[in-house]
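Visitor: Compute the structure for the input listed below.
(chains A and B)
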Amino acid sequence: MKISSRRVDTATILDVSGNIDMSNSPEVRKVLLREIRENGVVVVNLTRVGYIDSSGVASLVEGLKASRESGSRLVLFGLSDSAREVLKISRLLNLFEIYNNEMEAIKS
Amino acid sequence: MKTFAAKQARDVKRSPKLSRIFLLRIELPSDPKLLGVIRGALEPLADSLEFSPEHCRAITRAVDEAVSNIMRHSYKGRPDQPIEICCNRLQRRANGHTQQGVEIQLVDCGPAVDTTKIQARPLDEIRPGGLGLHIIRESMDTVQYRRTGRLNRLRLVKYVRSSEDIYGSSKEKEL
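Guide: Below is the predicted model of the structure:
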C-alpha cells in the first residue's frame, strides 16, 4: 500500500494505492489525521484501492470524526465495488461524502 | 522393490493431515502481511465454485476479517503463531433444489474464545472498530464457533444460491 498527498486548489488529495487491511491501516489513519489537522479539506482518492477491511473502514471513520470536530471536510472518491460493499454492510455508506471522480470531489 | 511412488503413497496414508483431500488448505503464520495471500487464494477459489462476483467478494471479506480477528484477538498481534484454513465443497437439498456451497474452517491455537463477551457493536454508533464480526455474519450463511481440545475452530459456510432465496432471512449463526 502506498499513500501520497498533493494540493489541488484548497484541498489536499490523498492518493492511496494497494489494499487497506490491518497490516497498513495504522499508516492510513496516521496520514489521514495529520492531513485533516494541518490542511482542512481532505479528499481521499481510492481509485487504486481494491480492498478495504474493517480496520481500514475504522481509519476512515476516525478521519470523518476528526474532520467534523475541526470543522473541515473528508471526501472520498473512486470506490471499488468491494470498498462500497464494506461501507454499505457497515451502514456507513451514507455517512461519507462520496463522489465518482476527482473533479466532482473537488468541485463539491 | 518398492517404488518411490509406493513409498509416497504409504507416507500419505500415514500422515493424518493428508488423509483427507481438501479443496484448498492453507497453513500460515499469524503475520498481517500475509492477509493479501489469503485473499488472493480465496476469491479465485470462490469464483471457480461459480459464486457470483459479489459473493466471491463476500467470502473473501469474511475469511479476511476472521483471520484478522485471530491475529488481533487470539494471538494478540504475535506474528509467528499458526493458522490453518481448510476449504471444502458441500451441498444441501432444499425445496427440491440442490445448492452447492463452500465450507471454510479456520483453526488457531489461541486461548478459548468467550462467546458471551463477543458482540458486534451497534451500527448506529459512529465510531471506529468492532465491525469485523458484523461483516463476517453479514457475508456468510453460517458462522459457527467451537472449541475442541486446545483449538479454536470457526466454521463459515456460504451457498451459491443465497439461503435467503429459499429460507427468507433465516441464517444459521452461533457467534
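
Visitor: ok, and the helix or strand in chain B with the lowest average confidence?
Guide: Least confident helix or strand, chain B: helix B:163-167 with a mean of 48, by mean pLDDT, DSSP states H and E.

Visitor: And for residue B:43, the neighbour number?
Guide: 21 (other CB atoms under 10 Å in any protein chain shown). C-beta: built from backbone N, CA, C; applies to glycine.

Visitor: buried set for whatever helix or strand it lives in?
Guide: In this structure, residue B:43 is located in helix B:35-48 according to DSSP states H and E. Under the neighbour-count criterion of 16 or more other CB atoms under 10 Å in any protein chain shown, helix B:35-48 has B:35, B:36, B:38, B:39, B:41, B:42, B:43, B:45, B:46 buried.

Visitor: Report whether the expected contact of the first one with residue A:20 is present.
Guide: No - between residue B:35 and residue A:20 no contact is recorded; they are 10.6 Å apart, counting by CB atoms under 8 Å.

Visitor: List the residues that are in contact with both of those two.
Guide: Shared contacts of residue B:35 and residue A:20, defined by CB atoms under 8 Å, 6 or more residues apart in numbering or on different chains, are found at residue A:53.

Visitor: what's near enough to touch the closest residue to residue B:35 other than its chain neighbours?
Guide: In space, and not counting its chain neighbours, residue B:35 is closest to residue A:21: 4.9 Å by CB to CB, 6 or more residues apart in numbering or on different chains. By CB under 8 Å, 6+ apart, the contact set of residue A:21 is A:51, A:52, A:53, A:55, A:56, B:32, B:35, B:36, B:64, B:68.

Visitor: mind listing what the last one touches?
Guide: Shown here is residue B:68, whose contacts under the criterion CB under 8 Å, 6+ apart are A:21, A:22, A:53, A:54, A:55, B:32, B:35, B:132.
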